[in-house]
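> Quick one: sequence and predicted model below, then my questions.
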2 protein chains.
Amino acid sequence: MKAEIISIGDELTDGKIQDTNSSWLSRELGDLGIRTLYHTTVGDELDAIVDVFRTAVSRVDLILATGGLGPTADDLTREAIAKAARVPLIRDDTLLETIRDMFKRRGREMPLSNEAQALLPFGATAIHNPNGTAPGIDLTINRTFPEGEDTRTSGLRDSCRLFAVPGVPAEMKEMFRGTVGEALQHLIDDHAGRKRVIRSRTIHCFGIGESQAEAMLPDIINRNRTPRVGITANAAVISLRIMADTPSEQECREQIRETAEIIYRKLGDFVYGEDEDRLQDVVCRKLKTAGQTLAVVEAGTRGLLTGAIASGDGAEAVFQGGLVLAGTPDIEEMIAKTFSLWDVDIVLAVGPYGPSGQTTVAFAERPPAGASGPGDSGLGRVVAEAFPRTGHPALIDDLFVRRAMDLLRRR
Amino acid sequence: MKAEIISIGDELTDGKIQDTNSSWLSRELGDLGIRTLYHTTVGDELDAIVDVFRTAVSRVDLILATGGLGPTADDLTREAIAKAARVPLIRDDTLLETIRDMFKRRGREMPLSNEAQALLPFGATAIHNPNGTAPGIDLTINRTFPEGEDTRTSGLRDSCRLFAVPGVPAEMKEMFRGTVGEALQHLIDDHAGRKRVIRSRTIHCFGIGESQAEAMLPDIINRNRTPRVGITANAAVISLRIMADTPSEQECREQIRETAEIIYRKLGDFVYGEDEDRLQDVVCRKLKTAGQTLAVVEAGTRGLLTGAIASGDGAEAVFQGGLVLAGTPDIEEMIAKTFSLWDVDIVLAVGPYGPSGQTTVAFAERPPAGASGPGDSGLGRVVAEAFPRTGHPALIDDLFVRRAMDLLRRR
């Protein structure tokens, strides 16, 4: 099954807004085992939108559209879908009541223009929008192949399923995760002619290269394997995604568990987390569990490390403060100064960027009370690693920040 | 003239990489007065790419394509363009020499696969790539309208101009700014049947709402005005873009200058900068000119203010450090502590987020030596403003950070 994602709006085609919906939806579809072959973005012009929908109907089995479902004159998606499917727009009175109720609950009168949002292409079902007044559209469009071309080499089915949801990312995501996701699962089952459960799990590693990770694993990154495993590298994070596609939930879970065990066994401490986990989430959760507090000090990284740690999962309980320095101060002095500012258990540090070209990442533990004597640095255990500053200038600070967090994770 | 931007690559359609090229190119085209009506993204599949190019040729006058120009088997753009234009691929020996020379200068032998990069669709011109081995393609494709449909209501010309450049943003931007931009200027002139110069200038304001800004200006935001002025709001920054379209550079400059003067006169101190200027750039440049240094302190904003200031234009000469605090400390104490850490002229602060729900932004100047006596706060002039914490949760911290910087700007 091939999919196309269509985004509608002048603010996208004139470059004012970056379209993040398409890549998000593509990843979600990928998790379901559906390949997105096209993204199309079109401005607010009726004929152009109709053509875009017709082109999509002629080349894919599944269309996900976002945007253009608002109440104003430049919201043309409803009308365009009806025209593309060659069906009339029909007012749905139940839907109209739902929209009116939503305004009532907010203590406002429904403007007349919102009546348009109760129009649906004939044959369509409304998709409930729990966060806004614009309902979505779920429509199956019968394909009319050009004359003399009723069988196609592309393997397309006789009909194309179309889901249209608003472009506001929060509304789009909730509607996808709710109604649309479930409908897609049924669609996949129908398409395969059997019940299919598709699940994935992604394991993230840091401190290892892509080819190094591949070499440490048995031959699991192989297109013909069940379940499939894909490997990607992004900003020094190596991710292994296990994708299972089986008739039962139970079998899916079992397949994924077995492959995950292999990965954990082979890659050991390089694995830092799964799915949505970021290094800062793992670090903060570990410290929170241990009941420890953290302060951060950095030179040359312009607050990147502080910002990362402060946004970690559980940071409220852990993060006490950050010191961001200019210049290339001595890293031990940086750590000592941070301990003097905050009464924390651990200081995490990155810096300095001296003429040596070396960057140090380090963490230090506060010594037990009374343990430090005159003449010593006043610090407890300090663990430091130094790296040359090689790499892409735009990415290197981010890499050092990750290295610092990873050093603390492996403590 | 209508344009379509085509991006090619599986990494885009499967959502692994966010396509930022399309919106960048749309904005550049907008500056030249060309409207982008479609963005199309297609995976690495030859038939699909060919179809996408054919569809584009049938509906726009200008195609900008990115990606798929590398030397490997999944780089299909060259071949797809030739197929879509129904011309053969021809090896360009001069081009081959250029590519071979590029490898030689880097002290490497050219791999055989790179020979493919010297292939051009018949009739095309190579676009020089100063940063990589993949040359671009500049091709004019004659349109073949479907039979009996040789005149179209869309007003399309007899031919469509296509530029293809690599997808690596740095290479794409440099090739666009160089070769492609100049070619587009000629294309615009030809299209209009006369010499046209299109220039724009954008003026940014902070501390004022969109409708308030409009009300303070005479009737210049009007589609029929020469030069045109557009207004947009983004993260509390109101931007006025003046777009002139005249036969001469001189006339363009004159029109823009006159309109800019009106905006500056009416909006006065709300204007903080132009074009690429961010608030932190303006703040840092002002301090640098005055020979003053700055430290930053923030509570609740997780390093956002520190990160912003540290990345400002000229920050190396101005920014001495940042203190990022957890909790809701007293703002005067925060400022005093910051002065005790760094020997700076000014401290910029944001915080605290107390139960009152108020957030304060403030700056303080270091008092002249000896000016502070016992019992006073030890601070020089302090200017503070407090705001309730209303607004979208995901955006509000960023708004306070901008308010803090704007307070210092208006000092």
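All right, it came through fine. Just so we're clear, the structure is a prediction, and the values are computed from it rather than from any experiment.
> near chain B, which residues of the stretch 1-150 of chain A show up?
Contact residues, the stretch 1-150 of chain A versus chain B (CB under 8 Å from any CB of the partner chain): A:7, A:12-20, A:22-27, A:30, A:35-43, A:45, A:48, A:51-52, A:55, A:59. (Glycine included, C-beta is placed from N, CA and C.)
> all helices of chain A, in order?
A:10-13, A:21-31, A:46-59, A:77-85, A:93-105, A:169-175, A:181-192, A:210-216, A:249-267, A:279-290, A:304-310, A:315-318, A:331-341, A:393-409 (DSSP state H).
> Get me the contact residues on the stretch 151-300 of chain A for chain B.
Near chain B, when you scan the stretch 151-300 of chain A using CB under 8 Å from any CB, you find A:232, A:234, A:296.
> For chain B, what's its nearest residue on the stretch 151-300 of chain A.
At 6.4 Å from chain B, residue A:232 is the closest residue in the stretch 151-300 of chain A, using CB to the nearest CB.
> Which positions are bridged to that residue in the beta structure?
Beta-bridge pairing of residue A:232, defined through DSSP bridges, involves residue A:239.
> Please determine how far it is located from residue A:242.
13 Å (CB to CB, to the nearest Å).
> more neighbours, those two?
residue A:242 (22 against 13; other CB atoms under 10 Å in any protein chain shown).
> Tell me if I'm right that the more buried one and residue A:202 touch.
Yes. Counting by CB atoms under 8 Å, residue A:202 is a contact partner of residue A:242 at 7.5 Å.
> residue in the stretch 51-200 of chain A nearest to chain B?
As assessed by CB to the nearest CB, chain B sits closest to residue A:55 within the stretch 51-200 of chain A, at 6.1 Å.
> Could you pull up the residues touching that residue?
A:40, B:55 (CB atoms under 8 Å, 6 or more residues apart in numbering or on different chains).
> what's the spacing between it and residue A:49?
Counting by CB to CB, the gap from residue A:55 to residue A:49 is 11 Å.
> Residue A:359 now?
According to CB to CB, residue A:359 stands 51 Å off from residue A:49.
> what sits against residue A:300?
A:328, A:350-353, A:359, A:397.
> Dihedrals phi and psi, it?
In terms of degrees, to the nearest 10, the main-chain angles of residue A:300 are phi 90, psi -10.
> and it, how far is that from residue A:387?
13 Å.
> Overlap of the contact sets of these two?
Shared contacts of residue A:300 and residue A:387, defined by CB under 8 Å, 6+ apart, comprise residue A:359.
> what does the stretch 301-411 of chain A have sitting close to chain B?
A:302-304, A:306-307, A:310-311, A:316, A:319-326, A:341.
> In PyMOL, how would I select just the buried ones from these?
Only the buried entries of these go into this PyMOL selection, using 16 or more other CB atoms under 10 Å in any protein chain shown:
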select buried, chain A and resi 302+303+304+306+307+310+311+319+320+321+322+323+324+325+326+341
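> Low-confidence stretches in chain A?
For chain A, the stretches with pLDDT under 70 are A:145-154, A:354, A:368-378, A:392.
> domain ranges for it?
Split into domains by automatic domain parsing, chain A comes to A:2-192, A:197-274, A:279-409.
> Residue B:401 is nearest to which of those domains?
domain A:279-409 (11.4 Å; CB to CB).
> how far is the closest one from where the chain is centred?
27 Å (CA atoms, centre = their mean, to the nearest Å).
> before we move on, back to that, can I get the helices of chain A in TSV including distance to residue B:177?
Formatted as TSV, the helices of chain A follow (distance: least, CB to CB, whole Å):
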stretch	distance to residue B:177
helix A:10-13	21
helix A:21-31	26
helix A:46-59	29
helix A:77-85	35
helix A:93-105	48
helix A:169-175	31
helix A:181-192	42
helix A:210-216	33
helix A:249-267	44
helix A:279-290	36
helix A:304-310	29
helix A:315-318	41
helix A:331-341	41
helix A:393-409	18
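> okay, those helices, which one's buried deepest?
Of all the helices of chain A, helix A:304-310 carries the top mean neighbour count, a mean of 26, counting by mean count of other CB atoms under 10 Å in any protein chain shown.
> what about dumping the CA coordinates of stretch A:214-232 to PDB?
Coordinates of each C-alpha in stretch A:214-232 appear next as PDB, following Å, rounded to 0.1, in the frame of the first residue of the first chain:
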ATOM      1  CA  GLU A 214      26.400  -3.200  12.700                       C
ATOM      2  CA  ALA A 215      29.700  -5.100  13.100                       C
ATOM      3  CA  MET A 216      28.900  -5.900  16.800                       C
ATOM      4  CA  LEU A 217      25.500  -7.300  15.900                       C
ATOM      5  CA  PRO A 218      24.700 -10.700  14.300                       C
ATOM      6  CA  ASP A 219      23.100 -10.500  10.800                       C
ATOM      7  CA  ILE A 220      19.800  -8.900  11.900                       C
ATOM      8  CA  ILE A 221      19.900  -5.800   9.700                       C
ATOM      9  CA  ASN A 222      18.600  -7.700   6.700                       C
ATOM     10  CA  ARG A 223      15.600  -7.000   4.600                       C
ATOM     11  CA  ASN A 224      14.500 -10.600   4.600                       C
ATOM     12  CA  ARG A 225      14.600 -11.100   8.300                       C
ATOM     13  CA  THR A 226      11.500 -11.400  10.600                       C
ATOM     14  CA  PRO A 227      11.100  -9.000  12.400                       C
ATOM     15  CA  ARG A 228      12.900  -6.400  10.300                       C
ATOM     16  CA  VAL A 229      15.500  -4.200  11.900                       C
ATOM     17  CA  GLY A 230      16.500  -0.800  10.400                       C
ATOM     18  CA  ILE A 231      19.500   1.200  11.500                       C
ATOM     19  CA  THR A 232      19.800   5.000  11.300                       C
END
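> which outside residues touch that stretch?
So stretch A:214-232 is contacted by A:208, A:210, A:213, A:238-245, A:255-256, A:259, A:262-263, A:266-267, B:16 (CB under 8 Å, 6+ apart).
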